[in-house]
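**Student:** A structural model of the following input is requested.
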Amino acid sequence: MAEPRRSEEGCSCRNTDCLERPLRWLFEGLGSAVAACPWPFVLVPLLLSAGLGAGFLFLPQRQANDIEEQFTPTGGPAKAERDFVRRYFPTDDSERFSFPRLPTEGAYAALIAVAAGEESVLDPAARRDLKGLDAAVRARGYEQVCARSGGACASPCPGPLLPLLQDAALENLTFPITNGTFLGATLGGVRTGAGGRVLSARAVKLVYFLREDGPAAAESRRWLESFLRDIPSELEKFSAVKVTYFTSLSRQEEFEGNTKSVIPLFSVTYFLTIMFSIVSCLRLSCIRNNVWLACCGVVSAGLAVLSSFGLMLFCGVPFVVTVANAPFLILGVGVDDMFIMIACWEQSSGKKEKSDVKSRLAETYSEAALSVTITTLTDVLAFFIGTWTAFPSVRSFCLYTGTAFVFCYIYTLTFFGAIIVLNHKREQGNRHWLTCMPVGVGNGQAKSCLYNACCIGNCSGESSQPEGEHPMSTFFKKYYGPFFTNKWIKLLVVLLYGAYLGGSIYGCTQIREGIDLRNLASDDSYVIPYYDDDDKYFSAYGPRVMVVITESVDYWNETVRLVIENCTQNLEDISYVDKNLSESWLTVYTNLAKRGLINISNKTLFINNLHILFRIVPSFEWDINKTQDTIEASRFFIQTVNVTSAVDEKNLLNQLRETAKQCTIPLMVYHPAFIYYDQYLVIVQNTIQNVVVAAGAMLVISLLLIPNPLCCLWVTFAIASVIVGVAGFMTFWSVNLDSISMINLVICIGFSVDFSAHISYAFVTSGESSANKRAIEALSLLGYPVLQGAVSTILGVVVLAAAKAYIFRTFFKIMFLVILFGALHGLVFIPVFLTFFGIFGTSPQNTKPKKPEHRFRNDKDCP
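**Tutor:** The predicted structure is shown next:
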């Protein structure tokens, strides 16, 4: 260990340990207290965990997996727009249902029938199956719960569809409009001839809407649940068409099922972590074997999960499916902390002046507890900064995980520290690690190595002795370090870093934003084939967007009507809008006046003649909110096209809103899908905000707790480099920037500090004469702990790679990138760069060789 600095050495620009020194004294006192009386520190965490674990009784009440609530930004503009539409254009789905006029997606069951082989759904056999499919749906009592318009069911939508598929009607079927009926969202894979006449079509979409107003909502839900339960067997009867299905309940139900699918992976994770911990701490000594320490370290992490989750559930924090990722991460981190404690405990055994258990544990805590404090503080800070987001799912995850890190820290310093003391007492009594029975020392008779290790104490047959340098540390010192300090290898590393940085920056320019709703279901869900068919055959026509005039204007004034017309044309000029498919009551009303059928030259005539318009097109009455003599609000519709990707959705929303804002008439654009499109407006801003604030906070924490400012600059460099790398390479791994990946980018910051601080601090505190030698020494001391920490954290999340849900696979992918790039920086890039620039960071008092102090998470060699 480094020689302690004299007390008269104050803080300076090179030594900022004013906060570090009192913390070390505090932890020494805590270590002495734990060593003096370990049992309370074992029992209190167990009792506390049992008490807080009772919070899981509230889990059913705290589950909050509503997709809209959790995965769309709080206070998104579309939510306010929906409220406006509901207030001014109320629906009545038992008398005057109209799908484009709904403020929500509605309650519905949808079927997409694709012709078998390469045939057309307009062929006779396919049409017979379509009629049979429609009859099967109606036979389930659909007529009793259907949404109605004009006294009849308004489905399948848009209707009347099936009568258009009669032999006689097929001769005159045109696309996308036939006899005033828009078929763009109903017929897919259409091949047309002259005049838009339909020659063939690959798919038909049938949508059956149900009533959702008032008491009918519960009855409709029961019908949909019955539909989902029974429809798979019904579909087996049809051979000419292949049918996929979906309902308004499907997305939510499939999303909620994701949590159940990951529960079996917990046991696998705990098994892998326990085995890794045992193997890491295994030794050929039946006395000094640390198997029970390894197991108790995993138990400590489990207690942290139990306590933190229970506390959050007691406090009423919503439990979202993303929180199910947290135990995997906490387990890996808890094992890291355990290794630190064991490593520092083992190192203290070599100090003659620290022979009694109180002195040894005080020394262990002065080193290990400060290390755990720095890394825990940076991680917890990153998580709590992550709560400053517009996405509730991210807030819940960060609250649960940040709190779990705090408990993990507390239990490591109390429960696990006490276990170390009890284990030491067993060793002092020369008792077997498994049976706790006294073990005799060999009598000189020749015995096998296995017998000696299991029954005597160690392989040599002698009483337990301190072991030498770990073989992995020797590897880093004799082979790895010299290899990477070779000048040609350093040049290769610089080129490799250039390629890494270039690829990362390019990937950042290709980031795709937003969560694809299909990714909320598991891979084997029935909704995936439906989404595939919908994308393949029905993506040419997008949302039918409401354009709402939000205030009362003088519609009877020709100048005002010209302004509205110009605004409409500007919206129709957007590349995503088909101007031939717009629908406006005002346009039809004005044309009637131009033909001399009505007079709308003043306010009274304009208002009084509206009934004529409603007689011609009854649905226009639902587009005007009027009182006796005033039109409070009105709306018309535009049809979007070619909205096939997240980029298109983002561009469509931005262009529509920007164009509407430029109109002098107060306009608002709305569609239920805009609730989800709103995430594009804040996801990048929220991510950058959280990353920048967290990185700044990490720098401040590093300056306060790591007593070398230049080391902190290397930590900052590593944070920026790893974040850019993870953000860039996640694009190549088909991961979008959404509320799920945002969580991991915040995590990235904390783990970047963990990996980078070790090597850089060991380098700048080294007393070796050359930069290359200092790099070799840093790697020999910390190379294996960094590698061990990376492996243990990866093991904590690796089983998520086998998950069937995108949410969990994404968590694994980004955590893998975080750990991979963090370890790559700690073991390759930073050591090499330090040999170029590190001479400027050498502490002036390092005039003789000395072993540096190690205070960070991965200083956890388990010799």
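**Student:** C-alpha from now on. contacts and neighbour counts both.
**Tutor:** Noted.
**Student:** pretty sure Glu513 is touching Ala646, no?
**Tutor:** Yes. Taking CA atoms under 8 Å as the definition, Glu513 is a contact partner of Ala646 at 6.7 Å.
**Student:** for the one helix or strand Leu206 maps to, C-alpha coordinates in PDB please.
**Tutor:** Secondary structure from DSSP states H and E places Leu206 in strand 203-210. This file holds the C-alpha atoms of strand 203-210, laid out as PDB (Å, rounded to 0.1, in the frame of the first residue of the first chain):
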ATOM      1  CA  ALA A 203     -54.700  -9.200 -48.600                       C
ATOM      2  CA  VAL A 204     -57.900  -7.900 -46.900                       C
ATOM      3  CA  LYS A 205     -58.100  -6.300 -43.500                       C
ATOM      4  CA  LEU A 206     -61.400  -6.700 -41.600                       C
ATOM      5  CA  VAL A 207     -61.800  -4.600 -38.500                       C
ATOM      6  CA  TYR A 208     -64.700  -5.200 -36.100                       C
ATOM      7  CA  PHE A 209     -65.400  -2.300 -33.800                       C
ATOM      8  CA  LEU A 210     -67.200  -2.600 -30.500                       C
END
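**Student:** start and end of stretch 407-424, how far apart?
**Tutor:** Start-to-end span of stretch 407-424 (CA to CA, to the nearest Å) is 24 Å.
**Student:** actually stretch 758-776, sorry about that
**Tutor:** End-to-end span of stretch 758-776 (CA to CA): 13 Å.
**Student:** just the buried positions in it, please.
**Tutor:** Judged by neighbour count (16 or more other CA atoms under 10 Å), stretch 758-776 contains these buried residues: 758-768, 771-776.
**Student:** where does pLDDT dip in the protein?
**Tutor:** Counting by pLDDT under 70, the ranges of the chain that qualify are 1-18, 155-169, 283-284, 350-355, 435, 440-470, 706-707, 838-863.
**Student:** now Phe808. Nearest residue, chain neighbours left out?
**Tutor:** Sequence neighbours aside, Leu800 is the residue nearest to Phe808 in space, at 5.7 Å (criterion: CA to CA, 6 or more residues apart in numbering).
**Student:** so the one you found touches Phe812, yeah?
**Tutor:** Yes. Look at Leu800 against Phe812 with CA under 8 Å: they come within range, at 5.7 Å.
**Student:** give the next helix or strand downstream of the strand holding Leu206.
**Tutor:** Taking DSSP H and E, what comes next after strand 203-210 is helix 216-235.
**Student:** quick one: work out the angle between that next one and strand 203-210.
**Tutor:** Computed by axes from the mean of the first three to the mean of the last three CA atoms, to 10 degrees, the angle separating helix 216-235 from strand 203-210 equals 150 degrees.
**Student:** please spell out which residues along helix 216-235 are buried.
**Tutor:** Within helix 216-235, the residues that count as buried by 16+ other CA under 10 Å are Ala216, Ser220, Arg221, Trp223, Leu224, Phe227, Leu235.
**Student:** and those as TSV, adding distance to Thr389?
**Tutor:** Compiled in TSV, those are given as follows (distance: CA to CA, whole Å):
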residue	distance to Thr389
Ala216	37
Ser220	36
Arg221	33
Trp223	38
Leu224	35
Phe227	38
Leu235	44
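**Student:** of all those residues, which comes closest to Asn690?
**Tutor:** Within the buried residues of helix 216-235, the smallest distance to Asn690 is 39.9 Å, found for Arg221 (CA to CA).
**Student:** report how many residues lie close to Gly826.
**Tutor:** Gly826 has 28 neighbours, counted by other CA atoms under 10 Å.
**Student:** next up, the contacts around it.
**Tutor:** Going by CA atoms under 8 Å, 6 or more residues apart in numbering, Gly826 touches Phe755, Ser756, His758, Ile759, Val786.
**Student:** any idea how far the second one is from Val797?
**Tutor:** From Ser756 over to Val797 the distance is 21 Å, taken as CA to CA.
**Student:** equivalent analysis for the third one, please.
**Tutor:** With distances defined as CA to CA, the gap from His758 to Val797 amounts to 23 Å.
**Student:** which strand or helix spans the residue nearest the centre of the chain?
**Tutor:** In the chain, the centroid-proximal residue (CA atoms, centre = their mean) is Ile740; its distance is 1.5 Å. Ile740 belongs to helix 739-764 when assigned by DSSP H and E.
**Student:** now Ser285
**Tutor:** With DSSP H and E as criterion, Ser285 is part of no helix or strand.
**Student:** all numbers from here: first residue = 623
**Tutor:** Got it, first residue is 623 now, which makes that one Ser907.
**Student:** number of residues surrounding it?
**Tutor:** Count around Ser907 with other CA under 10 Å applied: 24.
**Student:** the one 10 residues further on too?
**Tutor:** Other residues near Cys917 number 17, with proximity taken as other CA under 10 Å.
**Student:** my guess is it contacts Phe898. True?
**Tutor:** No. Using CA under 8 Å, Cys917 is not in contact with Phe898; the gap is 10.1 Å.
**Student:** phi and psi next, for the spatially closest residue to Leu1327 that is not a sequence neighbour.
**Tutor:** Residue nearest to Leu1327 in three dimensions, not counting chain neighbours: Glu642, with 5.6 Å by CA to CA, 6+ apart. Dihedral pair for Glu642: phi -70, psi -40, per degrees, to the nearest 10.
**Student:** ok, Glu642 touching Asn1330?
**Tutor:** No. Contact criterion CA under 8 Å: Glu642 and Asn1330 do not qualify, at 11.2 Å.
**Student:** which of those two has more neighbours?
**Tutor:** Each of Glu642 and Asn1330 has its neighbours counted (other CA under 10 Å); Asn1330 has more, 24 against 16.
**Student:** and that one, how far from Val1337?
**Tutor:** 11 Å.
**Student:** same question for Thr1172.
**Tutor:** Taking CA to CA as the criterion, Thr1172 is separated from Val1337 by 53 Å.
**Student:** what's the longest strand seen in the chain in contact with?
**Tutor:** When the chain is parsed with DSSP state E, its longest strand is strand 1253-1263. For strand 1253-1263, contacts defined as CA under 8 Å, 6+ apart pick out 710, 1161-1175, 1194, 1198-1201, 1203-1207, 1245-1248.
**Student:** what strand or helix carries the residue nearest to Ala991 when sequence neighbours are not counted?
**Tutor:** Excluding its sequence neighbours, the residue lying closest to Ala991 (CA to CA, 6+ apart) is Phe649, at 6.6 Å. Using DSSP H and E, Phe649 falls within helix 642-658.
**Student:** which SSE is immediately downstream of that helix?
**Tutor:** helix 660-675.
**Student:** which secondary structure elements does that next one contact?
**Tutor:** Applying 3 or more CA pairs under 8 Å, 6 or more residues apart in numbering; DSSP states H and E, we find helix 660-675 packed against helix 913-936, helix 1039-1050.
**Student:** ok, 6 Å please
**Tutor:** Other helices and strands packing on helix 660-675, by 3 or more CA pairs under 6 Å, 6 or more residues apart in numbering; DSSP states H and E, are helix 913-936.
**Student:** list the contacts of the helix it packs on.
**Tutor:** For helix 913-936, contacts defined as CA atoms under 6 Å, 6 or more residues apart in numbering pick out 671, 674-675, 677-678, 899-900, 953, 956, 960, 1025-1026, 1029-1030.
**Student:** among those residues, name the ones in helices.
**Tutor:** In this view, the contacts of helix 913-936 that belong to helices under DSSP state H are Ser671, Leu674, Gly675, Ser899, Ile900, Leu953, Gly956, Met960, Thr1025, Ala1026, Phe1029, Cys1030.
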